[in-house]
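[1] Kindly generate the corresponding structure for this input.
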Amino acid sequence: MTISHKKIDFKKTKKGIYLLPNTLTLCGMFCGFFAILSAVNGNFVHAAWAIVLANIFDGLDGWIARLTNTATRFGIELDSLSDLVAFGVAPSILMYKWALVPFGRVGWAVAFLFVACGALRLARFNVQTGTSTSKAFKGMPIPAAATIVASIVIFYYEFNTSLPNENLFFPIITTVLSLLMVSTLRFHGLKEINFSERKPFWFLVVFVLILFVLLIHPSTAIFIFAMFYFVWGIIENIYLFFRKKPEQALEPEPNLMIEEKKS
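    Alright, predicted model coming up:
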């Protein structure tokens, strides 16, 4: 559930819960639970697709809550717990059972790092909700990190039927995703798009093209979109980093400003 940056007056909310958004949240949690069971039983493709499906429910419950003005403190807390199960625990167990077991203690340490960073990411987001004017995410969203893990598994089985060999790529990519979640880098999300406003016609064309690609080959399309989001986020932040350097160089030093005032 993506919570808006507008402050919510929880004191004025009535007692009880709203069924529709919280039911969708529980559906996402069930997908995460199913993904855990599937990963433990060796059904890695089913586990990966369950994580992808949890993403859909995660987007729907936030959208419904904003549309119907039914965001509550209970819903926010339930959503965080659901996200931790579906996008923290589930992908870490999936990656561990699928590719990190050969690495021994390093493997389960990397898997735990993903869960821990995901929990820290959710806690930081909940604390900072309503305090920032930027709609961009601070750090990679945990659903995006989980989807990248799931897309790697799904894409792998398009060309292979056996478990992957001991490959350093898997602990490295899991570690990188973990650190990106707790970083201060900027990542974008669908909440930046206001669907209630008029958009150019090409927005609809792009949406149709994305849907077209997903229908033709969903497993490959999800992998391409996930990796594009991952690479684009890194490229954008590198660009922002080097753009800030010239701006900082142009700023006068504090000591020089004081001397100018004295003169």
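
[2] Give the closest residue to residue 136 in space, chain neighbours not counted.
    Nearest residue to residue 136, sequence neighbours excluded (C-beta to C-beta, 6 or more residues apart in numbering): residue 186, at 4.7 Å. Using the backbone N, CA and C atoms, a C-beta is placed for each residue, glycine as well.

[3] Ok, residue 156 next?
    Once flanking residues are discounted, residue 156 sits nearest to residue 164: 6.5 Å by C-beta to C-beta, 6+ apart.

[4] I'd like to know how far the one you found sits from residue 104.
    For residue 164, the distance to residue 104 under the criterion C-beta to C-beta, to the nearest Å works out to 16 Å.

[5] more neighbours, these two?
    The neighbour comparison of residue 164 against residue 104 (other C-beta atoms under 10 Å) goes to residue 164, with 15 against 9.

[6] Next one: the more buried one, what pLDDT does it get?
    Predicted confidence (pLDDT) for residue 164: 91.

[7] what does residue 142 give?
    Turning to residue 142, the model gives it a pLDDT of 94.

[8] Could you do the one 5 residues further on as well?
    On the pLDDT scale, residue 147 is placed at 96.

[9] now it, what's its secondary structure?
    helix (DSSP: H, G, I helix; E, B strand; the rest coil).

[10] residues contacting it?
    Contact partners of residue 147, counting by C-beta atoms under 8 Å, 6 or more residues apart in numbering, are 51-52, 55, 222, 226.

[11] isn't residue 60 right up against residue 24?
    Yes. Checked against C-beta atoms under 8 Å, the pair residue 60 and residue 24 is within contact range at 5.0 Å.

[12] quick one: which of these two has more around it?
    Relative neighbour count places residue 24 above the other of residue 60 and residue 24, with 23 against 17, counting by other C-beta under 10 Å.

[13] Distance check, the residue lying closest to that one once chain neighbours are set aside against residue 93.
    What sits nearest to residue 24 in space, not counting adjacent residues and going by C-beta to C-beta, 6+ apart, is residue 61, at 3.8 Å. Using C-beta to C-beta, one obtains 23 Å as the distance from residue 61 to residue 93.

[14] any residues touching the helix or strand hosting residue 117, and which ones?
    With the criterion set as DSSP states H and E, the secondary-structure element containing residue 117 is helix 105-128. Identification of contacts with helix 105-128 by C-beta under 8 Å, 6+ apart yields 76, 80, 83-84, 87-89, 91-93, 95-96, 100-101, 103, 137-142, 145-146, 149, 171, 174-175, 177-179, 181-182.

[15] If you count neighbours, what's buried in that helix?
    Neighbour counts over helix 105-128 (16 or more other C-beta atoms under 10 Å) mark 107, 110-111, 113-115, 117-119, 121-122, 125 as buried.

[16] ranges for the helices of the stretch 1-150 of the chain?
    Listed in chain order, the helices found in the stretch 1-150 of the chain under DSSP state H, counting those that start in this stretch are 19-40, 44-67, 73-83, 90-95, 105-128, 142-156.

[17] Point out the one among these that comes closest to residue 244.
    Distances from residue 244 to each of the helices of the stretch 1-150 of the chain were compared by C-beta to C-beta, and the smallest falls on helix 105-128, at 21.1 Å.

[18] just the CA coordinates of the closest one, formatted as PDB?
    Only the C-alpha atoms of helix 105-128 are listed here, as PDB (Å, rounded to 0.1, in the frame of the first residue of the first chain):
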ATOM      1  CA  ARG A 105      26.800 -19.200   6.300                       C
ATOM      2  CA  VAL A 106      27.500 -16.500   3.800                       C
ATOM      3  CA  GLY A 107      24.300 -17.500   2.000                       C
ATOM      4  CA  TRP A 108      22.000 -17.300   4.900                       C
ATOM      5  CA  ALA A 109      23.700 -14.100   6.100                       C
ATOM      6  CA  VAL A 110      23.000 -12.500   2.800                       C
ATOM      7  CA  ALA A 111      19.300 -13.700   2.900                       C
ATOM      8  CA  PHE A 112      18.900 -12.300   6.400                       C
ATOM      9  CA  LEU A 113      20.500  -9.000   5.200                       C
ATOM     10  CA  PHE A 114      17.700  -8.700   2.700                       C
ATOM     11  CA  VAL A 115      15.000  -9.200   5.400                       C
ATOM     12  CA  ALA A 116      16.700  -6.800   7.800                       C
ATOM     13  CA  CYS A 117      17.100  -4.000   5.300                       C
ATOM     14  CA  GLY A 118      13.500  -4.500   4.100                       C
ATOM     15  CA  ALA A 119      12.300  -4.100   7.600                       C
ATOM     16  CA  LEU A 120      14.400  -1.000   8.100                       C
ATOM     17  CA  ARG A 121      13.200   0.400   4.800                       C
ATOM     18  CA  LEU A 122       9.500   0.000   5.900                       C
ATOM     19  CA  ALA A 123      10.100   1.400   9.300                       C
ATOM     20  CA  ARG A 124      11.900   4.500   7.900                       C
ATOM     21  CA  PHE A 125       9.100   5.000   5.300                       C
ATOM     22  CA  ASN A 126       6.400   4.900   8.000                       C
ATOM     23  CA  VAL A 127       8.200   7.400  10.200                       C
ATOM     24  CA  GLN A 128       8.900   9.800   7.300                       C
END
